[in-house]
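Student: the following block contains a protein sequence and its predicted model.
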Amino acid sequence: MPERFPTVYGRADLAEYPLKQRMLIRIADLGFFAMIRLIGMTLRYEVVGEEHRAAIADADKVPIYALWHDRIFAGTYFLRDLGIVVLTSKSFDGEYIARFLTRFGFGTVRGSSSRGGVRGLVEMIRLMKQGLPMAFTVDGPRGPRYEAKSGPVMLAKKTGHPMLPFVVECKSFWTVNSWDRLQIPKPFTRASVFFAEPIYVDPDADDSLIESKRLELQTALDRIVENGKDWRTS
């Protein structure tokens, strides 16, 4: 798959960045990759709702994975090497994020909700029509926290592929003092992955139905977050 899409699964040229930023990008790339890999290798994953993901494959579709931004650490390791394509910003931060994601077998499309988002969405539509799965942190990149945006709904409408809400809940984790309160799993903890039912969007959906599907996605994610909390505290 990477051989067919070298610009998606490859790393961008850093020539446009000054020397200091090129060095920082490479350091951050390796640092985040090493941290996620070393901790991720120790996590003991279990899955609830795997039948929902299987149903998408049975329907000859590919998923649009939808998760909250605070779960990306454990989520990245769990979804590694599946050829999933994600949207990253064309910026200094977006560059090192894109680079360490490619080390985990992800592809990247450049854009963001605030800059280049339409161009990024158009490219994701094109790639999904060629069979590549996608993933969205649906409240990213800046929040508000736990408030789903409409990007994955539009992608589902344009491609006919369903959104697949999921949450990774860890028994024990550190919380970063950031807008999303990023969760970093503690080594050797248990992690439970909760999949909700796939959400399809009619290709003729109007603005009202798009908003209804966004709220359906919101509700599904809220529900499995609560399921995760119940599991963690049981």
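Tutor: Okay, I see it.
Student: which residues in this structure form strands?
Tutor: Per DSSP state E, the chain carries strands over the ranges 44-48, 64-67, 85-88, 107-110, 134-137, 163-170, 173-175, 183-185, 190-195.
Student: what's the closest of the ones you listed to residue 208?
Tutor: Proximity to residue 208, assessed across the strands of the chain by C-beta to C-beta, is greatest for strand 163-170 (17.8 Å). Every residue, glycine included, has its C-beta placed from N, CA and C.
Student: using PDB, write out every CA atom in the closest one.
Tutor: C-alpha atoms of strand 163-170 as PDB (Å, rounded to 0.1, in the frame of the first residue of the first chain):
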ATOM      1  CA  MET A 163     -17.800   6.600  10.700                       C
ATOM      2  CA  LEU A 164     -16.600   4.200  13.400                       C
ATOM      3  CA  PRO A 165     -16.600   5.900  16.900                       C
ATOM      4  CA  PHE A 166     -14.100   4.400  19.300                       C
ATOM      5  CA  VAL A 167     -12.500   5.100  22.600                       C
ATOM      6  CA  VAL A 168      -9.400   3.700  24.300                       C
ATOM      7  CA  GLU A 169      -9.700   3.700  28.100                       C
ATOM      8  CA  CYS A 170      -6.700   2.900  30.200                       C
END
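Student: residue ranges with poor pLDDT in this structure?
Tutor: 1-2, 112-117 (pLDDT under 70).
Student: would you tell me which helix is longest in it?
Tutor: In the chain, assigned by DSSP state H, the helix with the most residues is helix 207-233.
Student: quick one, helices of the chain?
Tutor: Going by DSSP H, the chain shows helices at 6-9, 19-40, 50-58, 72-78, 92-103, 117-128, 151-159, 207-233.
Student: now tabulate those helices in TSV and tack on mean neighbour count and distance to residue 134.
Tutor: Output for those, formatted as TSV (neighbours: other C-beta atoms under 10 Å; distance: least, C-beta to C-beta, whole Å):
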stretch	mean neighbour count	distance to residue 134
helix 6-9	14	11
helix 19-40	15	20
helix 50-58	14	12
helix 72-78	22	14
helix 92-103	20	13
helix 117-128	17	6
helix 151-159	23	6
helix 207-233	16	14
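Student: now those helices as JSON lines including distance to residue 142?
Tutor: Output for the helices of the chain, formatted as JSON lines (distance: least, C-beta to C-beta, whole Å):
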{"stretch": "helix 6-9", "distance to residue 142": "24"}
{"stretch": "helix 19-40", "distance to residue 142": "19"}
{"stretch": "helix 50-58", "distance to residue 142": "29"}
{"stretch": "helix 72-78", "distance to residue 142": "14"}
{"stretch": "helix 92-103", "distance to residue 142": "11"}
{"stretch": "helix 117-128", "distance to residue 142": "12"}
{"stretch": "helix 151-159", "distance to residue 142": "13"}
{"stretch": "helix 207-233", "distance to residue 142": "17"}
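Student: looking at those helices, which is closest to residue 196?
Tutor: Residue 196 sits nearest to helix 207-233 of all the helices of the chain, at 4.1 Å, using C-beta to C-beta.
Student: hmm, back to that, and of the strands of the chain, who's closest to residue 20?
Tutor: Among the strands of the chain, strand 85-88 comes nearest to residue 20, with 21.1 Å by C-beta to C-beta.
Student: what helices or strands is that closest one leaning on?
Tutor: helix 92-103, strand 107-110, helix 117-128, strand 134-137 (3 or more C-beta pairs under 8 Å, 6 or more residues apart in numbering; DSSP states H and E).
Student: partners of that strand, with directions?
Tutor: strand 107-110 (parallel), strand 134-137 (parallel) (DSSP bridges).
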